[in-house]
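no FASTA, just this:
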C-alpha cells in the first residue's frame, strides 16, 4: 500500500500542478472574463496547494522510512522538501496577501516587493513554476537515487 499511495499522491500532486498551471488556467483566462477566471483559478491553485501539502508530507516521511537518514544524501528527498516549501510559502504567505489586495486598489498597495496585485501574482507564479520544474525532476528521476 505504501508504494501505491506514494505513486498516486505523486501523480495527483505533480500532474495536477502541470494540468492546472499549463492547461486549465490559460484556457480559463482565454474563455472567461478576468474576474471569473481569477476566481476559479484561485480556487484551483488553493486546492492543489492542499493536495501538495498532504502529498509532500507523505512523500517526505515515506522516503525517510524507506531510506532512513540516508534519504538526505540524495536529490529525491530534497526535491520533495523544495516542492513542499514552495507549496507552503504560496499557500500560507503569498495567497493570503493576494486575497487581501483588492484589484481596484492594487496599484496603491505597497509591500516588501513594492506591493500591488500584479507583483504578488508574479511572485506566486515564479514560486509555482519553480515547484513545477522540481516536480518534473522528481518524476524524471523515478525511484532511483
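Yep, it's here. Small disclaimer: the values here were computed from a predicted structure and weren't measured.

neighbouring contacts of the helix or strand bottoming out on mean pLDDT in the chain?
Ranking every helix and strand in the chain by mean pLDDT, DSSP states H and E puts helix 95-100 at the bottom, with a mean of 88. For helix 95-100, the external contacting residues (CB atoms under 8 Å, 6 or more residues apart in numbering) are 42, 45, 46, 49, 111, 117, 120, 121, 124. Every residue, glycine included, has its C-beta placed from N, CA and C.

Surely the third one is in contact with residue 91?
In other words, residue 46. Yes: counting by CB atoms under 8 Å, residue 91 is a contact partner of residue 46 at 7.3 Å.

who has more neighbours, these two?
Here residue 46 and residue 91 are compared on neighbour count by other CB atoms under 10 Å; more neighbours surround residue 91, at 17 against 13.

Give me the local confidence score for that one.
The model reports residue 91 with a pLDDT of 97.

Just to check, it is in contact with residue 50?
Yes: counting by CB under 8 Å, residue 50 is a contact partner of residue 91 at 7.5 Å.

in which helix or strand would I find residue 77?
helix 75-89 (DSSP states H and E).

What helices and strands are in contact with that helix?
On a contact count with 3 or more CB pairs under 8 Å, 6 or more residues apart in numbering; DSSP states H and E, helix 75-89 meets helix 34-67, helix 117-141.
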